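Engineer: take a look and give me a structure for this.
(one chain, ligands or ions: 2)
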Amino acid sequence: MTPPTGTTHLDTTNPVAVALVPAAGRGERLGFGVPKALVPVRGTALLTHAVRGLLTAGCVRHVVVAAPPNEVESTADLLRSAGLAADVVPGGTDRTESVRLALRHATKVIPDISVVLVHDAARAFTPAEVIRSVVAAVAAGAPAVIPVLPMADTVKQVDFTGTVLATPDRAALRVVQTPQGFDVDTLTRAYAEAGDSATDDAGLVEKIGVPVATVPGHAYAMKITTPFDLAIAESVLSTGARP
Ligand code: CTP
Ligand code: MG
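Structural biologist: Ligands and ions are numbered 1, 2, ... in the order given. Coordinates of the predicted model:
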């Protein structure tokens, strides 16, 4: 069916999904003295696990990685030697800037993108089913989609002294993961119009008044931030329990 002239058409059967992978952070909380994306889990860099996961999910056509500016060549070599096709661009001083630079590159070199995923290198073990359900939800018409999990812990709002101000209703709260998926026009507009820093890309989309839908996330899409998280990832992989 031919879409009406002037509307964005997403092919729901074969969307062109491009994944942007911000990987330019320093990994200070992990404390390895190298960028977190290059830290190995069972002998393979987190970034390699992350990019392989995207490319084997079956719905991502192209990957653009934002690497630390002084590690662009070594990152490209790392991925090439793992047999993974990805463009590597220099990242920025914060995550938002890294995504902005990767998005600019992606829209320049791949003009027919319909779905853009933004996926942290630090969430290296995200199951394919999560990646596929985010892409499918955008392809089905949602302008922005994020994977989420219910909160296991009670959450408190505190003031600057640490004194509790309120207890939000846990049932209405969600923990947010990546990949976050967007139609390309929505993400481009969010970065143009709500261009300050945000801890996630959906936060910028919310600021321009576009609704953000949710799909189920997965425990294995956890962000590796601390040595404890790394130990969990190592042990999950060693049991062969990865879906
Ligand atoms: N990131 C990025 N560019 C930056 C900062 C972060 O691309 N200037 C990326 C990280 O590489 C990571 C993701 O954003 O994949 C989430 O960031 P975080 O978990 O905070 O990673 P780091 O910034 O590397 O860790 P830390 O804050 O402990 O230094
Ligand atoms: Mg950081």
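
Engineer: any idea how many residues pack against residue 207?
Structural biologist: For residue 207, the neighbour count with other CB atoms under 10 Å is 14. C-beta coordinates here come from the backbone N, C-alpha and C atoms, glycine included.

Engineer: please name the nearest non-neighbouring residue to the residue of the chain found nearest ligand 1.
Structural biologist: Each residue of the chain has a distance to ligand 1, by CB to the nearest ligand atom, and the smallest belongs to residue 25, at 2.1 Å. Once its chain neighbours are removed from consideration, residue 25 has its nearest residue in residue 36; the separation is 5.7 Å (CB to CB, 6 or more residues apart in numbering).

Engineer: what about that neighbour, how many neighbours?
Structural biologist: Burial of residue 36, expressed as a neighbour count using other CB under 10 Å, amounts to 26.

Engineer: tell me the contacts of it?
Structural biologist: For residue 36, the residues meeting the contact criterion (CB atoms under 8 Å, 6 or more residues apart in numbering) are 23, 25, 26, 27, 30, 46, 121, 122, 224.

Engineer: just the buried residues of those.
Structural biologist: 23, 25, 27, 30, 46, 121, 122, 224 (16 or more other CB atoms under 10 Å).

Engineer: which of those residues fall in helices?
Structural biologist: Using DSSP state H, the members of these that fall within helices are residue 46.

Engineer: so which of the buried ones among the contacts of residue 36 belong to strands?
Structural biologist: Where the buried ones among the contacts of residue 36 are compared with strands, as defined by DSSP state E, there is no overlap at all.

Engineer: what's the most distant pair in the buried ones among the contacts of residue 36?
Structural biologist: Greatest spatial distance in the buried ones among the contacts of residue 36: 23 and 30, 13.2 Å, computed using CB to CB.

Engineer: what parts of the protein come near ligand 1?
Structural biologist: Selection of the chain residues close to ligand 1 by CB under 6 Å from any ligand atom yields 22-30, 36-37, 66, 91-95, 98, 120-122, 223, 225.

Engineer: poorly predicted segments of the chain, please.
Structural biologist: For the chain, applying pLDDT under 70 flags the ranges 1-14, 195, 240-243.

Engineer: burial count for residue 233?
Structural biologist: With neighbours defined by other CB under 10 Å, the count for residue 233 comes to 20.
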